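Undergrad: what's the 3D shape of this:
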Amino acid sequence: MKLTVWTYEGPPHVGAMRVATGMTGLHYVLHAPQGDTYADLLFTMIERRDHRPPVSYTTFQARDLGSDTAHLFKDSCRDAYERFKPEAIIVGASCTAELIQDDPGGLAETMGLPIPVIALELPSYQRKENFGCDETFFQIVRALAKPVEKTARVSCNILGPTGLGFRHRDDVEELTGLLSEMGVDVNVVAPMRSSPSDIARLGAAHFNVMLYPETCEAACRHLERAFQQPYTKTVPIGVGATRDFIAEVQGLTGVTGAPDESRLRLPWWSASVDSTYLTGKRVFLFGDATHVKASARIARDEMGFEVVGLGCYNREFARDIRKLAKEFGLEALITDDYLEVEKAIEEAAPEMILGTQMERHIGKRLGIPCAVISAPVHVQDFPARYSPQVGFEGANVIFDTWIHPLVMGLEEHLLAMFREDFEFHDAAGPSHHGGHAPKPMHDAPAASAAAGAEASMAEETAAPSQDAPAATGGDVTVWLADAEKELKKIPFFVRGKAKRNTEKYALEQGVTEISVDTLYEAKAHYAR
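TA: Predicted structure coming up:
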């Protein structure tokens, strides 16, 4: 266990809470000390929920540890049943309560409650939040799903959406519409939007849609074994993946209907005149495995970006991400340490980051634009508007989300031309980005005599040599005044690369002070 300021995943009981919060008629009794009750506030704060999650805590204190804490748990279970009258209860311990080994599951079974009580065994010190989601949902399905007659029309269950999921609410709506256009009904959506009674009739569907493997793969495998329900393997995020998903569903069911693509704009827009400036933009991807895999395909095949780094924080999918990275000629970064991610991003020097809330903060520090593609996310990634990631409308949303942080081609040209203007000088930053208030003119960098020549110099200096060693950045820190002034003539959107490559060149040559001559020697070196 490691103390950290930020974390990509919480402990597994938070995953169980995500499942319970998405459902109705289910209550979660959590054996936890005073202080661990913070977790349900994540939902009301980040998701803007209008009510608290269905969770009751035992909230024992330090003085309780000298006596029997089991009665506290039993009292909490009894109170939760009498107050909320749920259809089923799940019980478990927080990471702290796990240490006192009270066995909440065994205690609940002795109480004789007249509803199903499902015990959760979540190893808090070996596994994390997404595992908690997956295991909790699996245990609920295993305990409650029953053999039932199949529906008359072809139907499916959409599995995986939970509380605190990245755009799960809108993804479900978009996918339901897409399946309807194909002639496939949705039997149950679970865990989100389902009750224990709905879980009992999962077996009525002809197949399952595994929307987010992190949160439902164990349940999908169980339903395949127990009820002979196949499940889809393709997550329909992006144009190509959505078309592959449609073909997969057609193959599983024999339906021939296909969704209308008339509202799909990404392919044309990404090939439009202004968007040709997207081609070759260097991007770094990091997040959960599902969204990273989908985003890598979109970035390379549908947006024309160059993927220069990728990785995920959920180690359960490390093998998949390493295989994907190999296809891109990269080494995957599998870590839950945001400082390792920051170091990798700094070394790769991308022009954009596609990541989580954590990478947004990293991007701000490094001055690199970032678009969010994956949980963990902050409140602004639970928008009031309809904003799915899956399906054809999801592809449109992704296009808008990804290009917004970038400076487009015409804007780059104008910013170079009007560098001395009070509003457009490069110290003010792109006009459509937040947090870039125009600075006084005396702070603006000196104008170049020829903007085109500067841009050319920037591109040549910024293009790293194949033989260049790994960037160190901070090893050379002394820039002479004239060199700094000359560096500021380079347009801001490539200035960072030019600076880093000049410092690498100086390090190779043993130069400790960077002059104007060093800057132009580096330019000539990398232009070869």
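Undergrad: nearest residue to the middle of this protein?
TA: Most central in the chain under CA atoms, centre = their mean is residue 374, positioned 1.2 Å from the mean C-alpha point.
Undergrad: which secondary structure state does that residue sit in?
TA: What DSSP: H, G, I helix; E, B strand; the rest coil gives for residue 374 is coil.
Undergrad: repeat for residue 396
TA: Residue 396 ends up helix, using three-state DSSP.
Undergrad: what's the nearest residue to residue 176 if we skip its chain neighbours?
TA: Counting by CB to CB, 6 or more residues apart in numbering, the nearest residue to residue 176 once its immediate chain neighbours are dropped is residue 186, at 5.2 Å. (Each C-beta comes from the backbone N, C-alpha and C, glycine too.)
Undergrad: show me what the helix or strand containing that neighbour is packed up against.
TA: Element membership of residue 186, judged by DSSP states H and E, is strand 185-190. Other helices and strands packing on strand 185-190, by 3 or more CB pairs under 8 Å, 6 or more residues apart in numbering; DSSP states H and E, are strand 155-159, helix 168-182, helix 196-200.
Undergrad: which parts of the longest one are buried?
TA: The neighbour-count check on helix 168-182 (16 or more other CB atoms under 10 Å) flags 168-179, 182 as buried.
Undergrad: quick one: which of these is nearest residue 265?
TA: Of all the buried residues of helix 168-182, residue 174 has the smallest distance to residue 265: 14.8 Å, by CB to CB.
Undergrad: in the stretch 251-400 of the chain, which spans are strands?
TA: Assigned by DSSP state E, counting those that start in this stretch, the strands in the stretch 251-400 of the chain fall at 282-287, 306-312, 333-334, 352-355, 370-372.
Undergrad: any low-confidence regions in the stretch 251-400 of the chain?
TA: Along the stretch 251-400 of the chain, the model assigns pLDDT under 70 to residues 273-276.
Undergrad: please enumerate the helices of it.
TA: 266-270, 289-297, 318-327, 338-348, 357-366, 391-403 (DSSP state H, counting those that start in this stretch).
Undergrad: quick one: contacts of the fourth one?
TA: I take that to be helix 338-348. 4, 6, 8, 282, 284, 286, 308-309, 311, 333, 335, 353, 355, 358-359, 362-363, 365-366, 368, 470-471, 473 (CB atoms under 8 Å, 6 or more residues apart in numbering).
Undergrad: then the shortest one?
TA: By CB under 8 Å, 6+ apart, the surrounding residues in contact with helix 266-270 are 239, 275, 278, 302, 303, 304, 395, 396, 398, 399.
Undergrad: and that helix, what's buried?
TA: Of all the residues in helix 266-270, those buried under the rule 16+ other CB under 10 Å are 266, 269, 270.
Undergrad: returning to that earlier point: what is the most widely separated pair among the contacts of helix 266-270?
TA: Every pair of those checked by CB to CB; the farthest is 304 and 396, at 16.8 Å.
Undergrad: count the residues that sit near residue 261.
TA: 13 (other CB atoms under 10 Å).
Undergrad: any chance of the strands of the stretch 251-400 of the chain in a markdown table, plus mean neighbour count?
TA: Output for the strands of the stretch 251-400 of the chain, formatted as a markdown table (neighbours: other CB atoms under 10 Å):
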| stretch | mean neighbour count |
| --- | --- |
| strand 282-287 | 27 |
| strand 306-312 | 23 |
| strand 333-334 | 20 |
| strand 352-355 | 26 |
| strand 370-372 | 23 |
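Undergrad: relative to residue 142, which of those is closest?
TA: Once these are compared by CB to CB, strand 306-312 is nearest, at 27.1 Å.
Undergrad: show me how far the closest one is from its chain's centre.
TA: Between the centre of strand 306-312 and the centre of its chain there are 14 Å (CA atoms, centre = their mean, to the nearest Å).
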